[in-house]
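# compute the structure for the input listed below.
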Amino acid sequence: MSEQPPNPPIPGIAPDGRPYAGWGLRALAFFLDFLPALILTAIAQIFFVSSITSVDRDWSGGPTYQVLETRGPSFMFYLLYAVAIIYWFWNKGFVEGTTGQSIAKRFLGFTTVDQSTNEPLGLGRGLLRALLVYLELISIAVCGLGLILWLWPVWDPKRQALLSDRTTGAVVFKA
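The predicted structure follows:
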């Protein structure tokens, strides 16, 4: 009696038949998760550039002109950046790590789980994954390597990001 060879894996589908989340919707979930931090850091920039001052040249009879004065970062600048970073690690590390869903993934119907147990990653690997996603984002800003890391799920059979998902053993499923 000959045994049938196992069917080869189908890209984008787990062995149990569940579809992995595609790149487009994962990118949307990332953007929605990142949006509050982006807004906070944009507001923080207001506290970096302080004011535009009008200068009147009465003594010489010339026109009034404006000067941009910068003070450098203030307490509010650092506070808003700290809140943005704390929010990121709370949402992507703690919430997603312990429940399997960040705020945006809950809204869009995705679950992040350990590829071998199908359970949430847990706090430690959730925080590590959040850090690695953050490093992927920074590497996009610094060099082109980040784009390769971020686009990796497009062609990966398990739709895993090269750095964050593969390092932590995470996969993302459509709920």
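# any idea how many residues pack against Ser74?
By other C-beta atoms under 10 Å, 14 other residues sit near Ser74. From N, CA and C alone the C-beta is placed, and that goes for glycine too.
# tell me the pLDDT of it.
On the pLDDT scale, Ser74 is placed at 77.
# what's near enough to touch the nearest residue to it once chain neighbours are set aside?
What sits nearest to Ser74 in space, not counting adjacent residues and going by C-beta to C-beta, 6 or more residues apart in numbering, is Phe47, at 4.7 Å. For Phe47, the residues meeting the contact criterion (C-beta atoms under 8 Å, 6 or more residues apart in numbering) are Pro73, Ser74, Met76, Phe77, Leu80.
# for Phe47, give me phi and psi.
Note on Phe47: backbone dihedrals following degrees, to the nearest 10 are phi -80, psi -10.
# now swap in Arg18 and tell me
The phi and psi values for Arg18, taken as degrees, to the nearest 10, are phi -80, psi 140.
# which parts of the helix or strand where Val83 lies are buried?
Taking DSSP states H and E as the criterion, the element that holds Val83 is helix 75-88. Within helix 75-88, the residues that qualify as buried by neighbour count (16 or more other C-beta atoms under 10 Å) are Phe77, Leu80, Tyr81, Val83, Ala84, Tyr87, Trp88.
# quick check: pLDDT value at Asp114.
The per-residue pLDDT reported for Asp114 equals 96.
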